[in-house]
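> coords please:
(one chain, ligands or ions: 1)
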Amino acid sequence: MADDGMLLNFELGDAPIKSQVKFKGGAWRDRVKAQKSVKKWQQTDDDSSRPTKRPRTDEDATDRQFKTQKTAAPTEIRPPSYAMKMGQISSSVFTSNPTAVTSFDEPEEEPEPAQPSNAPLTDEAENFLALGLSRRVSQHLATKLGMKAPTAIQKNTIPQLVKEDTDAFLQAETGSGKTLAYLLPIVHRILMLSMNEDGTSKDTQVHRNSGLFAIILAPTRELCKQISVVLEKVLRCAPWLVCTTVTGGENKKSEKSRIRKGVNILVATPGRLTDHLDNTKVLDVGTVRWLVFDEGDRMMEMGFEDDIRTIVSKIRQDKLLKQNKEGVVLDGILPARRVTILCSATMRMDVQKLGEISLEDAVHITASKADMEKDAESGTTDKALFSAPTQLKQSVIITPAKLRLVTLVALLKSAFARRGSMMKVIIFISCADSVDFHFELLKSTTLLEKPKPSADAPDAPVPKPNPHIATTVAQAAYVTSPASPIVMLHKLHGSLVQSVRTATLQAFTACKEPTVLITTDISSRGLDVPAVDLVIEYDPAFAVPDHVHRIGRTARAGRAGKAVLFLQPGSEEGYTSLLNSATPIAPQLYESILQKGFASAIDLPPPASSVETEKQTWMSRAENLQLHFEQRLLTAPGGQDYEDAPKENKWKTAKAAKNSRNAKPKDNPLLDAGRQAFRSHIRAYATHVRDERKFFDITQLHLGHMAKSFGLREAPGGIGGGSSRRTVRPSEAKTHSRDKSSNAASRPAPSRRDHDGDDELGVVDESAARRMKEKMMSVMNSTSEFNLG
Ligand SMILES: Nc1ncnc2c1ncn2[C@@H]1O[C@H](COP(=O)(O)OP(=O)(O)OP(=O)(O)O)[C@@H](O)[C@H]1O
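You can find the predicted model right below:
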């Protein structure tokens with residue numbers, strides 16, 4: 001049985017624990033410790049007249065550990081081992097943790113935020129009209145969209161694309177307005193087919209049937225939708241022009257019929273566009289003058305290279321029509337050639353390759369003219385261009401694996417503690433399985449508050465919940481503080497059906513309550529959700545550019561924002577040296593986070609691990625919460641929610657303990673989800689890009705400790721065979737695998753598209769490190785197993 005340790009989680013009632021209790025699974029040290037603890041406990045129990053000598057508990061070790069740390073941990077008197085008091089044994093989250101090699105002190109005061117680097121320009125002379133856009137467009141931007149001045153990248157891009165017909169590579173920070181930088185010149189020039197310079201109408205008016213003039217490609221459906229929403233807003237100043245989207249997951253027939261009705265600007269994902277180019281005869285690309293690749297590097301990374309080659313070859317320069325079917329001359333007003341625009345906040349090798357496929361003598365446009373000149377001179381690209389917006393405050397928490405989960409909850413709790421202080425938080429997690437699991441774990445097990453009638457219209461019927469978000473939106477009791485409004489929880493990843501994805505993103509964007517989105521990298525690119533105050537990278541990004549995009553979901557268009565990165569002590573700590581930040585990345589101590597988050601009582605739903613007493617400290621609360629999560633994974637035999645389970649099934653009875661012991665993973669959805677999430681997470685960990693694998697070395701992971709962060713008592717089994725199992729200790733892993741590591745480093749990381757992983761991984765046998773490494777290498781070479789969407 002994979003989780004033998006689950007037996008230990010059940011209350012043993014008043015019966016004395018027999019000395020023959022054997023502990024199986026987990027690290028041998030933990031087993032020996034548990035065995036000793038039970039022995040001492042029994043002795044104390046047997047002789048109640050003897051003065052009670054408290055067995056050396058995990059907490060003692062914890063106290064010692066904090067003393068060895070450079071940081072001043074608050075001194076607290078720990079209660080006797082909580083786990084022992086409850087008649088259960090689980091290794092404490094505060095023991096046997098590695099300490100950070102970097103010693104740092106938390107800054108006493110938060111530094112002042114820097115001047116925003118991606119905000120609209122403040123000089124009064126800067127306006128869209130001065131950049132060459134028509135009065136109609138400029139006025140529309142100012143009066144209807146509230147945009148009076150351009151951002152720096154818009155200032156540098158718009159005149160170039162209005163006047164010139166050269167290809168361009170736009171590169172600027174996240175949230176700096178690149179979308180409008182390329183959209184506005186396109187709309188302006190199409191508008192000029194029907195209008196004179198002075199704003200009067202021409203005799204010929206173009207309309208939706210006059211031809212397809214621009215195609216904008218984006219890697220995800222969400223991003224396509226977002227671009228088309230922005231475009232529709234801009235096109236309200238020229239309602240005779242029409243845009244539409246064609247994306248995977250949508251109904252192809254209805255897309256075809258929209259194309260048949262006529263469209264001037266098409267927003268598409270590469271795969272679906274290729275499909276329409278092959279199969280939709282009415283899609284005529286003879287008049288297409290702009291081909292835009294928004295987040296082009298991401299498209300290449302996602303494996304769309306073949307689709308992109310097909311698209312580029314079908315919209316050939318030599319086949320462009322000089323006039324449309326109505327005889328309107330296009331050259332002169334529209335570009336005389338097909339102009340290709342690449343757009344990204346970062347530049348990777350992928351984007352260079354895309355440039356080779358699609359660009360010809362492109363100009364490189366950035367936010368700073370000085371940077372552009374420097375790059376043109378040196379022929380290279382300045383690394384500073386890939387940094388995050390200057391006003392974004394970045395921090396890092398070096399948290400031992402066992403404490404990751406409770407630290408995350410504490411961080412969220414303190415973030416939402418003050419009413420109105422925090423509205424939207426995004427948590428990035430490595431893979432879809434792990435997103436699903438964390439959503440299930442953190443959502444409320446009971447409904448805290450039923451939907452209420454509106455205060456304005458108390459008699460109006462309460463709106464019915466949207467069925468599309470029934471499984472992706474929930475209340476988040478664990479992170480809601482008593483004084484603050486209920487926090488809402490959302491989840492989003494690529495394995496959800498499109499209607500659910502769309503509805504969930506809409507719900508998150510529109511949510512008026514404080515809210516959290518747990519998501520994969522699917523939300524890292526381009527998504528522009530207003531009022532995201534905090535981005536948490538619970539799992540670090542697979543490559544530095546992805547990190548830049550993830551944290552760029554906050555601090556957009558000059559707004560403030562914070563980003564917190566979780567790392568583990570050890571090799572991961574070196575990762576911060578790769579991150580290019582305008583302001584220093586501030587360290588945050590996990591102890592301080594836990595202390596803040598668990599300063600007051602936590603009201604745990606069933607199975608509540610303990611009753612809150614006056615003696616509770618932040619440490620014991622953190623411990624209780626961890627135990628509570630572990631218990632939740634071990635209850636609900638038969639797949640029922642604890643609350644729904646019939647009384648006799650509740651886990652206090654010996655019968656329930658037996659049921660649970662015999663329960664197969666599939667019988668307990670949360671346990672099953674935890675195991676699956678753990679396995680997918682470990683696989684995902686192996687996919688960090690080659691250059692960064694020295695920081696994210698799979699052999700350095702303590703699988704048993706990692707399992708704790710998934711609410712599991714030990715790493716789920718399944719590979720390597722062998723009856724004796726133990727987890728890899730970093731020191732062993734190093735010696736066993738030294739000879740292999742160079743091979744690992746030379747292998748490219750696999751592509752990370754949406755897949756369902758089903759290979760079992762997690763626990764290793766006696767020749768642990770070496771075989772684990774070999775297994776990981778074989779996993780890394782089979783791209784079909786990942787579920788990282
Ligand atoms: N000139 C402007 N004035 C005010 N707000 C603007 C202006 N231009 C763009 N914005 C706003 O800035 C936000 C970010 O814009 P956009 O999504 O285009 O950024 P981006 O550079 O494409 O970011 P990313 O690299 O993350 O995709 C949007 O909410 C947009 O409405």
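
> Tell me where the chain is predicted with low confidence.
Per-residue confidence for the chain (pLDDT under 70) gives these ranges: 1-90, 104-108, 110-111, 113, 348-350, 369-386, 445-464, 606-614, 636-667, 718-789.

> what about residue 496, which helix or strand?
Using DSSP states H and E, residue 496 sits in no helix or strand.

> Ignoring the adjacent residues along the chain, who's closest to it?
residue 472 (6.8 Å; Cβ to Cβ, 6 or more residues apart in numbering). (Glycine included, C-beta is placed from N, CA and C.)

> That neighbour is in contact with residue 504, isn't it?
Yes. Under the criterion of Cβ atoms under 8 Å, residue 472 makes contact with residue 504 at 4.3 Å.

> Can you check which residues contact both of these two?
Residues touching both residue 472 and residue 504 (Cβ atoms under 8 Å, 6 or more residues apart in numbering) are 490, 491, 492, 496.

> Most neighbours among the residues you listed, please name it.
residue 491 (29 neighbours; other Cβ atoms under 10 Å).

> ok, now which ones touch that one?
Contacts of residue 491 (Cβ under 8 Å, 6+ apart): 435, 436, 438, 439, 472, 504, 517, 518, 519.

> Okay, and which of the residues you listed map to helices?
435, 436, 438, 439, 504 (DSSP state H).

> So which of the residues you listed is surrounded by the most neighbours?
residue 435 (30 neighbours).

> re earlier: would you point out the most distant pair within the ones in helices among the contacts of residue 491?
Spatially, the most separated pair among those is 438 and 504, at 15.0 Å (Cβ to Cβ).

> before we move on, the earlier item: can I get the shared contacts of residue 472 and residue 504 in TSV including secondary structure and distance to the ligand?
Listed next are these as TSV, based on DSSP: H, G, I helix; E, B strand; the rest coil; distance: Cβ to the nearest ligand atom, whole Å:
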residue	secondary structure	distance to the ligand
490	strand	19
491	strand	21
492	strand	16
496	coil	22
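
> which one among those gets closest to residue 250?
residue 496 (14.4 Å).

> gap between the two ends of stretch 704-715?
Here the two ends of stretch 704-715 are set 5 Å apart, with distance taken as Cα to Cα, to the nearest Å.

> OK, contacts around whatever residue of the stretch 451-600 of the chain ends up closest to the ligand?
Closest to the ligand within the stretch 451-600 of the chain is residue 557: 3.2 Å, counting by Cβ to the nearest ligand atom. Contacts for residue 557 (Cβ under 8 Å, 6+ apart) come out as 118, 119, 120, 151, 175, 176, 177.

> so it sits in a strand?
No. The assignment for residue 557 is coil, going by DSSP: H, G, I helix; E, B strand; the rest coil, so no strand is present there.

> Go ahead and confirm residue 556 touches residue 528.
Yes. With contacts counted by Cβ under 8 Å, residue 556 reaches residue 528, the gap being 6.4 Å.

> And the residue nearest to residue 417 when sequence neighbours are not counted, which helix or strand is it part of?
In this structure, residue 417 finds its nearest non-sequential neighbour in residue 481, 4.6 Å apart by Cβ to Cβ, 6+ apart. For residue 481, there is no enclosing helix or strand under DSSP H and E.

> Isn't residue 481 up against residue 410?
No. Look at residue 481 against residue 410 with Cβ under 8 Å: they stay out of range, at 11.2 Å.

> the more surrounded of the two?
Neighbour comparison, residue 481 and residue 410: the larger count goes to residue 410, with 26 against 21 (by other Cβ under 10 Å).

> Please enumerate residues in contact with stretch 411-420?
Contacts for stretch 411-420 (Cβ under 8 Å, 6+ apart): 397, 421-422, 425, 476, 478-481, 483-485, 487, 514, 516, 534, 536, 564, 593, 596-598, 602.

> tell me which element residue 187 is part of?
Using DSSP H and E, residue 187 falls in helix 178-191.

> What is that helix packed up against?
The contact analysis (3 or more Cβ pairs under 8 Å, 6 or more residues apart in numbering; DSSP states H and E) places helix 178-191 against helix 135-144, helix 152-163, strand 168-171, strand 214-217, helix 221-235, strand 265-268, strand 290-294, strand 339-344.

> quick one, which of these is nearest to residue 630?
Closest among those, using Cβ to Cβ: helix 221-235, at 34.7 Å.

> what helices or strands is that closest one leaning on?
So helix 221-235, by 3+ Cβ pairs under 8 Å, 6+ apart, packs with helix 135-144, helix 178-191, strand 214-217, strand 243-246, strand 265-268, helix 498-510.

> touching the ligand at all, that helix?
No. Helix 221-235 is not in contact with the ligand by Cβ under 6 Å from any ligand atom; minimum separation 6.9 Å.

> between residue 556 and residue 528, who's got more neighbours?
Taking other Cβ under 10 Å, residue 556 and residue 528 do not tie; residue 556 has more neighbours (24 against 19).

> Now do the contacts for that one.
Here residue 556 is in contact with 118, 174, 175, 389, 528, 530, 532 (criterion: Cβ under 8 Å, 6+ apart).

> and whichever residue of the stretch 251-400 of the chain sits closest to the ligand, how many neighbours?
Closest to the ligand within the stretch 251-400 of the chain is residue 345: 4.0 Å, counting by Cβ to the nearest ligand atom. Residues within reach of residue 345, counting by other Cβ under 10 Å, total 27.

> Check whether it really touches residue 552, as I assumed.
Yes. At 6.3 Å, residue 345 counts as touching residue 552 under the criterion of Cβ under 8 Å.

> Mutual contacts of these two, please.
What both residue 345 and residue 552 touch, as defined by Cβ under 8 Å, 6+ apart, is the set 173, 174.

> Could you tell me which residues touch both of residue 556 and residue 528?
With Cβ under 8 Å, 6+ apart, residue 556 and residue 528 have common neighbours residue 175.

> can you put the contacts of residue 556 in TSV and add secondary structure and distance to the ligand?
Shown next, in TSV, are the contacts of residue 556 (three-state DSSP; distance: Cβ to the nearest ligand atom, whole Å):
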residue	secondary structure	distance to the ligand
118	coil	7
174	coil	4
175	coil	5
389	coil	10
528	coil	4
530	coil	6
532	strand	11
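
> Make a ChimeraX selection of the buried ones in those.
Provided next is the ChimeraX selection string for whichever of those are buried by 16 or more other Cβ atoms under 10 Å:
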select :118,174,175,389,528,532
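
> Around the ligand, which positions in the stretch 401-550 of the chain sit nearby?
Contact residues, the stretch 401-550 of the chain versus the ligand (Cβ under 6 Å from any ligand atom): 526, 528.

> Check the chain too.
Checking the chain against the ligand by Cβ under 6 Å from any ligand atom, the hits are 120, 147, 150-151, 154, 172, 174-180, 345, 526, 528, 552, 556-557.

> Could I get the helices and strands packed on helix 178-191 in JSON lines, plus columns for mean neighbour count?
Listed next are these as JSON lines, based on neighbours: other Cβ atoms under 10 Å:
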{"stretch": "helix 135-144", "mean neighbour count": "16"}
{"stretch": "helix 152-163", "mean neighbour count": "22"}
{"stretch": "strand 168-171", "mean neighbour count": "25"}
{"stretch": "strand 214-217", "mean neighbour count": "25"}
{"stretch": "helix 221-235", "mean neighbour count": "20"}
{"stretch": "strand 265-268", "mean neighbour count": "27"}
{"stretch": "strand 290-294", "mean neighbour count": "25"}
{"stretch": "strand 339-344", "mean neighbour count": "26"}
